[in-house]
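1. here's my sequence, what's the structure:
(one chain, ligands or ions: 3)
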Amino acid sequence: MTQKKGKLTKVLDYFKHDDPFSKGVAFCPGCGLELLIRLIPKILGNDIVITGTPSCSAPVLLGQNKQSWHTLSYFGTLMTGAAANATGLARYYKKAGIDNTVVCFNGDGTAADIGFGNLSGAAERNEPFIYICYDNEGYMNTGIQKSGTTPFGASTTTTPAGSIAKGKNLRRMNLALKMAMHKIPYAATATLSNLDDLAKKLLKAKEAKKRGFAFLHVFAPCPTGWGYAPENTVEVCRRAVKSNYFPLWEAVDGKVRMTQTIKKPKPVSNYTELIKKFAHLDEKDLEILQEDIDYEYCMLGGLSVLEAECQLPIPAED
Ligand SMILES: Cc1ncc(C[n+]2csc(CCOP(=O)(O)OP(=O)(O)O)c2C)c(N)n1
Ligand code: SF4
Ligand SMILES: [Mg+2]
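-> Residues are numbered from 1 along each chain as shown. Ligands and ions are numbered 1, 2, ... in the order given. Prediction:
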């Protein structure tokens, strides 16, 4: 495909490269992860090297029965060491003088929990690669267990809703903010309903990678594990943004800026009503979820105001 020149204004203008995946792949219908993984090389180019771990993405990225689903370079690794593996790849390419982009592409189970230690280490050392966490809020590939990003109240196979418990009784961690606070060159959230925002952030991450570590946290719903109709994936993302359940922001060198502000946010029930994993929640439970969302949004808003208003003191001249 020939590349268009000039300023990128329309969403489609960002999709400059071919889709390296075959038309039918082994994801469930409506999988948010599939939408995302197809978009990344179309925006960043087909010369990226992807590395990732056992997860729902692995069967497609690794291939099956000695056949490949795509034409990209892929390096499969362990959940415990994904970012360490990506570090080795990125350092090798740098030393060999090969100008390419290593994309460490993992689910929330690897990024937030099992592989968080070495993710944090790679960020702190400012290794030159892009880490993308696709967040489907659980360990989907092994049977929908809860992870650190599973929200309060969500029913999973390890936090079931029934007569004894009502889903996860803890609130989710904010992975993207934790990563931003490593003060890396670039950190951002994105999702599949706001494609221009997602595309811009992918390109910014690629640019930031020249200075070091870049992290994207992409909200990627899972119809099979969450219990909603496959055709609703983008609507679920849209409602997540419009209710501030998943706010869109970025941070350069740890300084936070909202990339989308919602003037009149919808109540979280407008989002949860689409999804079966929340179907058992009553008003009181929804209040707890709402309170968590409001608090995090205030926190992000406060940080972004600080970024706008806070100037570093200028040292006095002698
Ligand atoms: C150290 C380790 N623990 C557990 C597993 C088993 N395992 C394979 S895939 C998977 C789920 C991964 O969840 P996530 O990273 O969120 O990806 P998803 O399946 O949701 O796409 C787990 C727990 C493993 N491969 N390695
Ligand atoms: S279980 Fe969920 S994340 Fe995994 S392939 Fe199916 S829809 Fe996608
Ligand atoms: Mg997951």
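
2. in contact with Lys178, which residues?
-> Contacts for Lys178 (Cβ atoms under 8 Å, 6 or more residues apart in numbering) come out as Ser120. To be clear about C-beta, it is placed using only N, CA and C from the backbone, and glycine gets the same treatment.

3. what about it, is that helix, strand or coil?
-> Three-state assignment for Lys178 (DSSP: H, G, I helix; E, B strand; the rest coil): helix.

4. surely Val49 touches Thr101?
-> Yes - using Cβ atoms under 8 Å as the test, Val49 is close enough to Thr101 to be in contact (7.2 Å).

5. pLDDT wise, what is the residue in the chain that ligand 3 sits nearest to at?
-> Nearest residue of the chain to ligand 3, counting by Cβ to the ion: Gly107, 3.4 Å away. In this prediction, Gly107 carries a pLDDT score of 98.

6. need the three-state assignment for the closest residue to it other than its chain neighbours.
-> Closest residue to Gly107 apart from its sequence neighbours, by Cβ to Cβ, 6 or more residues apart in numbering: Ser55 at 4.3 Å. Secondary structure, three-state DSSP: Ser55 is coil.

7. so Ser55 touches Phe105, yeah?
-> No - if you go by Cβ under 8 Å, Ser55 and Phe105 don't touch, sitting 9.1 Å apart.

8. quick one, which of those two is more surrounded?
-> More crowded of Ser55 and Phe105, by other Cβ atoms under 10 Å: Phe105, with 29 against 23.

9. and the residue nearest to Gly107, what is it in contact with?
-> Ser55 sits next to Met79, Asn106, Gly107, Gly109, Thr110, Met140, Asn141 when contact means Cβ under 8 Å, 6+ apart.

10. which of the residues you listed come close to ligand 1?
-> For ligand 1, the contacts drawn from the contacts of Ser55 by Cβ under 6 Å from any ligand atom are Met79, Asn106, Gly107, Gly109, Thr110, Met140, Asn141.

11. among those residues, who's most crowded?
-> Gly107 (33 neighbours).

12. any idea what that residue is bridged to?
-> Taking DSSP bridges as the rule, Gly107 bridges to Tyr134.

13. and it, how close does it get to ligand 2?
-> 8 Å (Cβ to the nearest ligand atom, to the nearest Å).

14. what's near enough to touch the nearest residue to Asp196 once chain neighbours are set aside?
-> Take Asp196 and drop its neighbours on the chain: the residue closest to it by Cβ to Cβ, 6+ apart is Val11, 4.8 Å away. The contact partners of Val11, taken as Cβ under 8 Å, 6+ apart, are Leu195, Asp196, Ala199.

15. looking at these, spot the one nearest ligand 2.
-> Leu195 (18.6 Å; Cβ to the nearest ligand atom).
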